[in-house]
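> Sequence first, then the predicted structure, then my questions.
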Amino acid sequence: MKNIKKILCPGFKAAGIASGLKKNGEKDLGLIFSTVPSNVAGMFTRNRVQGAHILLDRERIKSGLCQAVVVNSGNANCCTGKQGIHNAKAMAGYTASSLGISENHVLVASTGVIGEPLPIEKIKEATPGLVKALASEGFYDLAEAIMTTDTVPKIVSTQGNIEGKTFTITGIAKGSGMICPDMATMLCFICTDIKASSAFLKKALCAATKRSFNRITIDSDMSTNDTIIIMANGVSKAVVQSSTQNNSFQKALDEVMISLAKKLIKDGEGSTKLVEIAVKGALSDTDAYKIAGTVANSNLVKTAFFGEDANWGRIVAAAGRADVPINPDKIDIFFDDIMMVKNGLGCGKAAEAKATKVLKKSEFTVLIDLHQGKGYSSVFTCDFSIDYVKINADYRS
């Protein structure tokens, strides 16, 4: 990707502008628009406390059609009562009116501080300018507009081929804190020019999410506003019909979403390392996932990564409290290709010195081999730094 600012997805336009929601004057209002109605699917947070936009989108997405998504940062519009629902509908209504499309074909998303009323008048005033700013190359502006504590915009685009027809998938995501999704991520929007039904999109999205966003954690906190939306407008004339075509699209979608998920971890609040916690030899894939997730979410493990301390005892302790049957006397642990633990016992100071060198890298893998079965899973995590505390202590100021 040589020039991220020129990323395109045929049949889609995007924009991102400043509307005054953020105190620093940065972009905070974004829009995705399909030139034709698109088939759509989505996934939302399982948190029982949910942002107003999720309550609205869950109903509208049932139609299977969408032509625009309007999104704001700087305010989550969550825990705002009936007024919050009203403001979410108003946000969609202003957008539909300016675009000249059905309000029912506009979805909404919000991210930011929880519990504060959404300044809807600012959004109303800014919407005509937002629509005017729509451009085929506007995805970078959109990615900037949905950032909160993110330090970089996150965009990935790829192409595939079905029956000689080229299709494009472009994904935009935000998130660097409150990330331990159990469905998606903070916010993620995926545009594709393929022709596919809403039912197929939902199935493909669920599969890709399981391999990507459901395999990451930054701080073990699930957001109230997690949303992922995929729109397919069919302008490429590439059609998903056979299992082979399904596989071609799924592979490309997986690629985009896994790449976005890794970008979130790399941009985790205060993080300096991307770490894959891999577990093999479990009794089942589910058991392996539980152990990997428990280790990945351990603050003691994450702080050891930040301190570049090869403290394998913390890893073993986390694995042991994952509520999964294990035999401590069979466990092997590797930092990349350096064996730190064999049959539950440390491999000595020489191995620790080599492992410490691995910990100084910006990306590495911790492999836990249980030697009990064929189960395997992995979770991507980051280290836990002093800056994480500072960022979140000052978040609302």
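Structure received.

> need the longest strand for the chain.
Longest strand in the chain by number of residues (criterion: DSSP state E): strand 29-44.

> First-to-last residue distance for stretch 147-165?
Start to finish, the residues bounding stretch 147-165 are 34 Å apart (C-alpha to C-alpha, to the nearest Å).

> Residue 161 against residue 168, yeah?
No. The criterion here is C-beta atoms under 8 Å, and residue 161 misses it with residue 168 at 10.7 Å. (Each C-beta comes from the backbone N, C-alpha and C, glycine too.)

> Could you list the residues in contact with the helix or strand hosting residue 277?
Using DSSP states H and E, residue 277 sits within strand 274-282. For strand 274-282, contacts defined as C-beta atoms under 8 Å, 6 or more residues apart in numbering pick out 262, 265-266, 288-289, 291-292, 295-296, 305, 319, 324, 362-383.

> what's the longest helix along the chain packed up against?
Identified as the longest helix of the chain according to DSSP state H is helix 243-266. Judged by 3 or more C-beta pairs under 8 Å, 6 or more residues apart in numbering; DSSP states H and E, helix 243-266 is in contact with strand 154-162, strand 165-174, strand 187-192, helix 198-211, strand 274-282, strand 375-382.

> and residue 19, what does it touch?
Contacts for residue 19 (C-beta under 8 Å, 6+ apart) come out as 28, 29, 72, 122, 123, 125, 126, 130.

> ok, now how distant is residue 218 from residue 342?
With distances taken as C-beta to C-beta, to the nearest Å, residue 218 is found 31 Å from residue 342.

> quick one, which of these two is more surrounded?
residue 218 (28 against 15; other C-beta atoms under 10 Å).

> Confirm for me that the more buried one is in contact with residue 177.
Yes. The pair residue 218 / residue 177 is scored as a contact, 6.2 Å apart, by C-beta under 8 Å.

> shared neighbours, these two?
Jointly contacting residue 218 and residue 177 under the rule C-beta under 8 Å, 6+ apart are 268, 269.

> just to revisit the earlier point, tell me which residues of the helix or strand just after the strand holding residue 277 come out buried.
The first helix or strand that comes after strand 274-282 along the chain, using DSSP H and E, is helix 285-296. Residues of helix 285-296 classed as buried under the neighbour-count rule (16 or more other C-beta atoms under 10 Å) are 287, 288, 289, 290, 291, 292, 293, 294, 295, 296.

> could those residues be laid out in CSV, adding pLDDT?
Output for those, formatted as CSV (pLDDT from 0 to 100):
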residue, pLDDT
287, 97
288, 97
289, 95
290, 96
291, 97
292, 97
293, 94
294, 96
295, 97
296, 94
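
> which one of these sits closest to residue 155?
Using C-beta to C-beta, residue 296 is the member of the buried residues of helix 285-296 that sits closest to residue 155, with 25.2 Å.

> Contacts only, for the nearest residue to that closest one once chain neighbours are set aside.
Distance criterion C-beta to C-beta, 6 or more residues apart in numbering; nearest residue to residue 296, sequence neighbours excluded, is residue 381 at 3.8 Å. Contacts for residue 381 (C-beta under 8 Å, 6+ apart) come out as 216, 217, 218, 265, 275, 276, 277, 296, 297, 302.

> And residue 55, by the same measure?
Contact partners of residue 55, counting by C-beta under 8 Å, 6+ apart, are 85, 88.

> begin at 57 from here
In the new count, where the first residue is 57, that last one comes out as residue 111.

> before we move on, back to that, and the residue nearest to residue 352, what are its bridge partners?
Beta bridges link residue 437 to residue 331, judged by DSSP bridges.

> ditto for residue 107
Beta-bridge pairing of residue 107 under DSSP bridges involves residue 134.

> ok, now how distant is residue 400 from residue 342?
Going from residue 400 to residue 342 by C-beta to C-beta gives 23 Å.

> go on, residue 318?
To residue 342, residue 318 is 23 Å away according to C-beta to C-beta.

> do the same with residue 236
Residue 236 is 18 Å from residue 342, where distance means C-beta to C-beta.

> Run through the stretch 207-356 of the chain and note the low-pLDDT ranges.
239-241 (pLDDT under 70).

> please redo it, this time with the cut-off set to 90
In the predicted model, the stretch 207-356 of the chain carries pLDDT under 90 at residues 207, 231-242, 270, 272-282, 297-301, 320-328.

> Contacts for stretch 93-104, please.
Stretch 93-104 is contacted by residues 106, 110, 113-114, 117, 120-123, 161, 163, 237-240, 252-255, 257-258, 261-262, 265, 278-290 when judged by C-beta under 8 Å, 6+ apart.

> out of residue 217 and residue 224, which sits in the more crowded spot?
Legend: neighbour count by other C-beta under 10 Å for residue 217 and residue 224, higher for residue 224 (22 against 12).

> Residue 200 touches residue 209, doesn't it?
Yes. Applying C-beta under 8 Å, one finds residue 200 in contact with residue 209, separated by 5.0 Å.

> Report pLDDT for residue 383.
On the pLDDT scale, residue 383 is placed at 97.

> Throw the contacts of residue 437 into a markdown table and include distance to residue 98, thanks.
Converted to a markdown table, the contacts of residue 437 look like this (distance: C-beta to C-beta, whole Å):
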| residue | distance to residue 98 |
| --- | --- |
| 272 | 19 |
| 273 | 22 |
| 274 | 22 |
| 321 | 23 |
| 331 | 30 |
| 332 | 28 |
| 333 | 28 |
| 352 | 26 |
| 353 | 26 |
| 358 | 31 |
